[in-house]
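Student: Give me a 3D structure for the following:
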Amino acid sequence: MISSKEILVSREQALPDRAKGPTFDPQHLVLGTDIRGPWPPGHEQALFGMGCFWGAERLFWQQPGVWTTAVGYAGGYTANPSYEDVCSGRTAHAEVVLVVFDPEVVDYERLLQLFWESHDPTQGMRQGNDRGTQYRSMLLCFDEQQESVARASAERYGAALAARGLGPVTTEIAQAGSFYYAEGVHQQYLARNPMGYCGLQGTGVPCPA
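Tutor: Sure, this is the predicted structure:
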């Protein structure tokens, strides 16, 4: 049975904007970089939604070539939402990870491979037991080239899933809008809480290069 939290609200139904977002220490707890920027010359950004953002952020900060990561909310309507706002299902935002990377060391294709293989992109408005629109699979792109690469990658992975008898990709792919930083307690959560919850679980299907 589909719950109300698994149905995307419209702009008219969304919670009102908040005047400002949270304040927190902008230094990455693991990498020592500034999660708010500015970014080094030549670096690029990517946004990934793959369920609970705690484990997803750790996945990316461990990759060579990733300069910084941050967790936050995107893809919906309410400006400067709180975690509780997003969990209510009334903002249309997903939990996402901002990844800033050096394309000379790790390219977007490799990050997409990690994205596809580390969660189940066929589950619609959930990941495992985490149910709700905030847990949907999402790729938010910063330019048309990035979107083109993302859509081609989704098509390839969809074919690989189908060959194993799995369902179609439900990942939302769109141009990035506003990204709202999550509260400090969520930034690098699994570095602060090594035994904390990590919901990442892939399908076991490798992503074609």
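
Student: who's in contact with the nearest residue to Gln188 once chain neighbours are set aside?
Tutor: Closest residue in space to Gln188, ignoring its immediate chain neighbours: Leu29 at 4.1 Å, by C-beta to C-beta, 6 or more residues apart in numbering. Every residue, glycine included, has its C-beta placed from N, CA and C. With contact set as C-beta atoms under 8 Å, 6 or more residues apart in numbering, Leu29 has these partners: Gln187, Gln188, Ala191, Arg192.

Student: Tell me how many other residues surround the last one.
Tutor: Spelled out, that is Arg192. 14 (other C-beta atoms under 10 Å).

Student: From Leu29, how far out is it?
Tutor: Noted for Arg192: a distance of 7 Å to Leu29, by C-beta to C-beta, to the nearest Å.

Student: Repeat that for Pro64.
Tutor: 18 Å.

Student: A strand includes Gly76, no?
Tutor: No. Assigned with DSSP: H, G, I helix; E, B strand; the rest coil, Gly76 falls outside any strand and is coil.

Student: My guess is it contacts Leu15. True?
Tutor: No. Contact status for Gly76 versus Leu15: not in contact, 9.4 Å apart, counting by C-beta atoms under 8 Å.

Student: Need the overlap of contacts for the two.
Tutor: Joint contacts of Gly76 and Leu15 (C-beta under 8 Å, 6+ apart) are Thr91.

Student: Looking at these two, which is more packed in?
Tutor: Gly76 (25 against 20).

Student: List the residues that contact that one.
Tutor: Ala14, Val86, Thr91, Ala92, His93, Ala94.

Student: Any buried residues in the longest helix anywhere in the chain, and which?
Tutor: Using DSSP state H to assign secondary structure, the helix with the most residues in the chain is helix 144-163. For helix 144-163, the neighbour count (16 or more other C-beta atoms under 10 Å) marks Gln146, Glu147, Val149, Ala150, Ser153, Ala154, Tyr157, Gly158, Ala160, Leu161 as buried.
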